[in-house]
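>>> Here is the input, now give the coordinates:
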Amino acid sequence: MSQFPEALKYTKDHEWVSINGDTATVGITDFAQHELGDIVYVEVDTVGSSLSHGDVFGTVEAVKTVSDLFMPVSGEILELNKALESEPELVNNDPFGKGWMIKIKLSNASEADGLLSSADYQKLVEA
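Predicted coordinates for the structure are as follows:
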C-alpha cells in the first residue's frame, strides 16, 4: 500500500514537495515509483536553470518506460541528488527520503497553495 506523508504537498503528476523557507525538495511519490517499477536512471540536466510550474525538469527511466518529471512550483533548480547517479533504486526504496530528486529555490512561494494535501492526493490515486 502506498504512503502519503502528511507533511508533504503533492501534484497530480505524482511529485511530492517539501517546502522549507524558500527552498523546496522534490521527488516522486511512493505510488509513482510502484507504478513505474524498478527505476534504472534519473536524468536531470536542468540544474542552474529557472523553470516555471509545469515545465519538464528531467526524466525517470524504469525498466519498462521513461516518464517526464514536472516542476511542481516555479523556481531555480539548485541541486540534483547526486546519490541517484549511482543508486537510482533509492527512488524505489526510499522515495520520500534518500530518493529525493531536486532542490528548488522558489520564485513564487504562493504556488505551493495550489498543491494537493496528503488526503487529496490519496483520493486522487485511489479513485
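>>> Would you mark the buried spots in stretch 41-58?
42, 43, 44, 46, 51, 53, 57, 58 (16 or more other C-beta atoms under 10 Å). C-betas here are computed from N, CA, C, even on glycine.
>>> Need the phi and psi values for the closest residue to residue 56 other than its chain neighbours.
Among residues not flanking residue 56 along the chain, residue 68 sits closest, at 4.7 Å (C-beta to C-beta, 6 or more residues apart in numbering). Backbone dihedrals for residue 68, given as degrees, to the nearest 10, come out at phi -70, psi 150.
>>> Tell me which entries of the buried residues of stretch 41-58 lie within strands.
Among the buried residues of stretch 41-58, the residues falling in strands (DSSP state E) are 42, 43, 51, 57, 58.
>>> you'd agree the fourth one is up against residue 45?
No - using C-beta atoms under 8 Å, residue 57 is not in contact with residue 45; the gap is 9.1 Å.
>>> Next, the contact list for the closest residue to residue 15 other than its chain neighbours, please.
Among residues not flanking residue 15 along the chain, residue 72 sits closest, at 4.9 Å (C-beta to C-beta, 6+ apart). By C-beta atoms under 8 Å, 6 or more residues apart in numbering, the contact list for residue 72 reads 9, 11, 13, 15, 17, 24, 26, 53, 115.
>>> Now do residue 72 against residue 47, distance only.
Applying C-beta to C-beta, to the nearest Å, the value for residue 72 to residue 47 is 17 Å.
>>> is residue 76 in a bridge, and if so with what?
Beta-bridge pairing for residue 76 (DSSP bridges): residue 50, residue 105.
>>> in terms of contact, does it touch residue 47 like I think?
No - Residue 76 is beyond contact range of residue 47, at 9.1 Å (criterion: C-beta under 8 Å).
>>> ok, back up a step: possible to save the contacts of residue 72 as a markdown table with distance to residue 83 and secondary structure?
Output for those, formatted as a markdown table (distance: C-beta to C-beta, whole Å; DSSP: H, G, I helix; E, B strand; the rest coil):
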| residue | distance to residue 83 | secondary structure |
| --- | --- | --- |
| 9 | 23 | strand |
| 11 | 23 | coil |
| 13 | 23 | coil |
| 15 | 18 | strand |
| 17 | 19 | strand |
| 24 | 19 | strand |
| 26 | 15 | strand |
| 53 | 26 | coil |
| 115 | 25 | coil |
